[in-house]
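Enquirer: Quick check, what structure comes out for this input:
(chains A and B)
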Amino acid sequence: MKTKWKISPYLYLLPALVIVTAFRLVPIVMSFILSFYEWSIQGTGKFIGLANYAAMFKDPVFWQSMGNTFWLVIIQVPASIVFSLFFAVLLNKIKYLKSLFRIVYFMPFVTSLVAVSIVWKLIFNEQTGLMNTFLGYVGISPQGWLSESRGIFLMMFQDMGITLNLPRFFHGPSQALFGIIIMTVWKGLGYNTIIYLAGLQNISKVYYEAAEIDGASKRRQFWNITVPLISPTTFYVLIMTTIVSFQTFAQIYLMTDKGGPLNTTKLIVYYIYEKGFDLLEMGYASAIALTLFVLILALTIFQRRMEKHVNY
Amino acid sequence: MNKLRSTITYLVLTIFGLTMVIPFIWMLSTALMTQSEFNKQETLFIPKEEYHVWNHDGQQDRILLVMEKEETSIIHVLGEELDIVSEYQQVPSSEIELIRKKPSFHFANFVKAFKKVPFALYFYNTLYVSFFSLIGVLITGLLAAYAFARMEFKGRDFLFYLFLSMMMVPQPIYMISSYVLLDKLNWLDTYNALIIPWTANIFTIFLFRQHFKSLPKELFDAASIDGCSVFGMLWRIVIPLSKPVIATASIFSLISSWNSFMWPLVMINRPELRVLQVGLSYFNQEASTQTTLLMAASTFSIIPILILFFFAQKQIIASYAKTGMKE
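Expert: Numbering: from 1, shown residues only, chains lettered A, B, ... in the order given. Model prediction:
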């Protein structure tokens, strides 16, 4: 019996190990190597050291994509957390129709990003879209949405009659990108809400009963019991949503014209795709991919550290 | 909870619930409109239809009204396909009637979309890829998780953490190198490129391992005394006790391969190997002005997943809810 167990574990592991090694480990290592090469799909590459990285740091479009990605993440992640916690708290309170609401909120999450992007592209259409129709009902003039390249902060200040004289980055995400953020929050809301709902159900009723006796208001109960005790879930949602936001691709591919207008919706993964598969600069694209990887890794580690500090 | 509070809660949930479904309702209703109705922008959700007919000699013809006057009007008479069969006829105005239909569903869009785009082929490709990926994921997952959970061997923990750390690497990071790799293997533009790299899923292995570890040790001791082999234990004990977790893994695998987009977009060029999502995205580029057909096609593409979702919603939602739990 004992001797049999020595070889057989590896046999059981073999199929998964082969696939994971060949199609995960090898490509990850390869993309590291590729980033030091000038590589297009025909022929073999040429070793150029750090030239790809040097070019990347001087590439204005790279920096713009990074800036766009920054705005997307910095708005989308908190918005997702706030909205999904809000809905989870409401769903946790009600007695009737709970499962109906859960289905409704979860529906966008299971449907394909492609179909949903196509629909939202039409929703944001300046002339024929649903968004401007609804805005019209509440007296807001039609917006350009996916065709509007001005930043949303700039637009807000312009409405107040103030001109912003700041570098472009500080104009905020373009309205086009903001539209994509709205759609992406909408798409992922159901999943995060369900995760929060499961977390809320794990909080013992005892705390609320004790707070009730002490005369704490509902609001205080929320801030002093719910928020701290749900924080492990919040960190999970934070980490997952951050990682997923950095990877936004399909929306840009389907809803915008190659990251337009004026590159304001060009996100980093879309730029990797464009460089790698449209322009066939695969070495350069790998350098960007590696940079993105390091960035995501650093952020994840930072968020994990933070979690250890605040965990209750 | 008092009544007012509860009413507000339901109200807020309903309003936001509507924002969740309105895009889908709009997609469906646009798919059921004629293109001219959509372009007119008068209809929001319920497709309607307005047209003139000419009643004469006990029959009714669809017409296009060119000029309407008190006594006589000028019309084009339309045929079956709404093409003009007779131009500039003068007829008495009393014989002309305006027909209003609401709702009027234009199901022909679905037929037209199906004729324009080889959806049957895309469905077939998607099902083929999803099915074989699923089989692969289950086999590799069950075997590997069994080893990780119930066997002791050198390097087990190292390998497990290596797997876990690779799970955290986002797909776009290794997309380009995978393309180069598949090119070297001559697998680009084949089913292999779509299936083989996805026949092992680290998250599934992780999921199975957690479950296998929770099975009582006594079961295995008893089976071992009865002379059951190691593989026999997996087959006769572990798998029958793991049906819910296998169902969960299958749901994740099916939904993710059905919805997978960037990978097949990059790896496949041949139109006859396109999966549904990629086919739809090409249609999106070609048919940007044919809104109604595009919406019909999009509706098509989400129906199978929505059916699966509605039938197994409890299980699906519960499965996803568990992904956020810490062990």
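
Enquirer: which regions of the chain lie under the pLDDT threshold?
Expert: By default, I'm working from chain A. A:1-6, A:42-43, A:311-312 (pLDDT under 70).

Enquirer: should've been chain B
Expert: Ranges of chain B meeting pLDDT under 70: B:1, B:325-327.

Enquirer: So which bits of stretch B:62-69 are buried?
Expert: B:62, B:63 (16 or more other CB atoms under 10 Å in any protein chain shown). (Each C-beta comes from the backbone N, C-alpha and C, glycine too.)

Enquirer: With only the CA atoms kept, save that stretch in PDB.
Expert: In PDB, the C-alpha atoms belonging to stretch B:62-69 read as follows (Å, rounded to 0.1, in the frame of the first residue of the first chain):
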ATOM      1  CA  ARG B  62     -50.900  47.700 -48.100                       C
ATOM      2  CA  ILE B  63     -50.100  51.100 -49.600                       C
ATOM      3  CA  LEU B  64     -47.700  54.000 -49.200                       C
ATOM      4  CA  LEU B  65     -49.600  57.200 -49.000                       C
ATOM      5  CA  VAL B  66     -48.000  59.800 -51.400                       C
ATOM      6  CA  MET B  67     -50.500  62.600 -51.200                       C
ATOM      7  CA  GLU B  68     -53.700  62.800 -49.200                       C
ATOM      8  CA  LYS B  69     -56.500  65.100 -50.300                       C
END
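
Enquirer: Need the residues that contact that stretch.
Expert: B:51-54, B:73-78, B:82, B:84, B:88, B:93, B:96 (CB atoms under 8 Å, 6 or more residues apart in numbering or on different chains).

Enquirer: biggest separation within these, which pair?
Expert: Largest separation among these by CB to CB: B:82 and B:93, giving 22.1 Å.

Enquirer: Roughly how far does residue B:274 sit from chain A?
Expert: 12 Å (CB to the nearest CB, to the nearest Å).

Enquirer: which residues of the stretch 51-200 of chain B fall in strands?
Expert: B:59-67, B:72-78, B:84-92, B:96-101 (DSSP state E, counting those that start in this stretch).

Enquirer: Can you say which of the ones you listed is packed in most?
Expert: strand B:72-78 (a mean of 18; mean count of other CB atoms under 10 Å in any protein chain shown).

Enquirer: Please convert the strands of the stretch 51-200 of chain B to TSV, extending it with distance to residue B:182.
Expert: Listed next are the strands of the stretch 51-200 of chain B as TSV, based on distance: least, CB to CB, whole Å:
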stretch	distance to residue B:182
strand B:59-67	55
strand B:72-78	54
strand B:84-92	54
strand B:96-101	53
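
Enquirer: quick check, residue A:266 in a helix?
Expert: No: using DSSP: H, G, I helix; E, B strand; the rest coil, the secondary structure at residue A:266 is coil, not a helix.

Enquirer: Could you list the residues in contact with stretch B:32-52?
Expert: In contact with stretch B:32-52 (CB under 8 Å, 6+ apart) are residues A:127-128, A:130, A:133, B:25-26, B:29-30, B:62-65, B:75, B:96-107, B:109, B:290-293.

Enquirer: typo on my end, stretch A:266-274
Expert: So stretch A:266-274 is contacted by A:61-62, A:64-66, A:68-69, A:72, A:246-249, A:252-253, A:258-260, A:285, A:288-289, A:292, B:172, B:175-176, B:262, B:266 (CB under 8 Å, 6+ apart).

Enquirer: Mind checking what secondary structure residue B:207 has?
Expert: helix.

Enquirer: how's chain B carved up into domains?
Expert: For chain B, automatic domain parsing gives the domain ranges B:3-40, B:49-101, B:112-322.

Enquirer: Select, out of these, the one closest to residue A:35.
Expert: domain B:112-322 (9.3 Å).

Enquirer: Do me a favour and get the end-to-end distance for the closest one?
Expert: 42 Å (CA to CA, to the nearest Å).

Enquirer: What of stretch A:88-101?
Expert: Stretch A:88-101: ends 11 Å apart by CA to CA.

Enquirer: buried stuff in it?
Expert: A:88, A:89, A:90, A:91, A:101.

Enquirer: In those residues, find the pair that's most separated.
Expert: Most distant of these, by CB to CB, are A:89 and A:101, 12.7 Å apart.

Enquirer: Helices of the stretch 101-250 of chain A, residue ranges please.
Expert: A:113-123, A:130-137, A:152-159, A:175-201, A:205-213, A:218-221, A:227-229, A:231-246, A:250-255 (DSSP state H, counting those that start in this stretch).

Enquirer: how about those in a markdown table, adding distance to chain B and mean neighbour count?
Expert: Formatted as a markdown table, the helices of the stretch 101-250 of chain A follow (distance: least, CB to the nearest CB, whole Å; neighbours: other CB atoms under 10 Å in any protein chain shown):
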| stretch | distance to chain B | mean neighbour count |
| --- | --- | --- |
| helix A:113-123 | 4 | 25 |
| helix A:130-137 | 6 | 15 |
| helix A:152-159 | 20 | 15 |
| helix A:175-201 | 4 | 23 |
| helix A:205-213 | 12 | 12 |
| helix A:218-221 | 9 | 12 |
| helix A:227-229 | 13 | 14 |
| helix A:231-246 | 5 | 20 |
| helix A:250-255 | 5 | 24 |
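
Enquirer: Setting the sequence-adjacent residues aside, check what's closest to the residue nearest the centre of chain A.
Expert: Among the residues of chain A, the one closest to the centroid is residue A:245, at 1.3 Å (CA atoms, centre = their mean). Nearest non-adjacent residue to residue A:245, counting by CB to CB, 6 or more residues apart in numbering or on different chains: residue A:73, 4.7 Å away.

Enquirer: wait, which of the contacts of stretch B:62-69 is closest to residue A:48?
Expert: residue B:82 (62.2 Å).

Enquirer: coming back round to it: mean neighbour count, the domains of chain B: which tops it?
Expert: domain B:112-322 (a mean of 18).

Enquirer: Could you check how far that domain is from the centre of its chain?
Expert: 15 Å (CA atoms, centre = their mean, to the nearest Å).

Enquirer: And for stretch B:23-36?
Expert: 17 Å.

Enquirer: does any bit of the helix or strand where residue A:292 lies sit next to chain B?
Expert: In this structure, residue A:292 sits in helix A:282-310 according to DSSP states H and E. Yes: using CB under 8 Å from any CB of the partner chain, helix A:282-310 reaches chain B at A:282, A:285, A:286, A:289, A:290, A:292, A:293, A:296, A:297, A:300.

Enquirer: Which strands or helices does that helix pack on?
Expert: In terms of contacts (3 or more CB pairs under 8 Å, 6 or more residues apart in numbering or on different chains; DSSP states H and E), helix A:282-310 is packed against helix A:26-34, strand A:37-38, helix A:51-58, helix A:231-246, helix A:268-273, helix B:175-184.

Enquirer: Just want the angle from that helix to helix A:26-34.
Expert: 110 degrees (axes from the mean of the first three to the mean of the last three CA atoms, to 10 degrees).

Enquirer: buried ones in helix A:282-310?
Expert: A:282-293, A:296, A:299-300, A:307.
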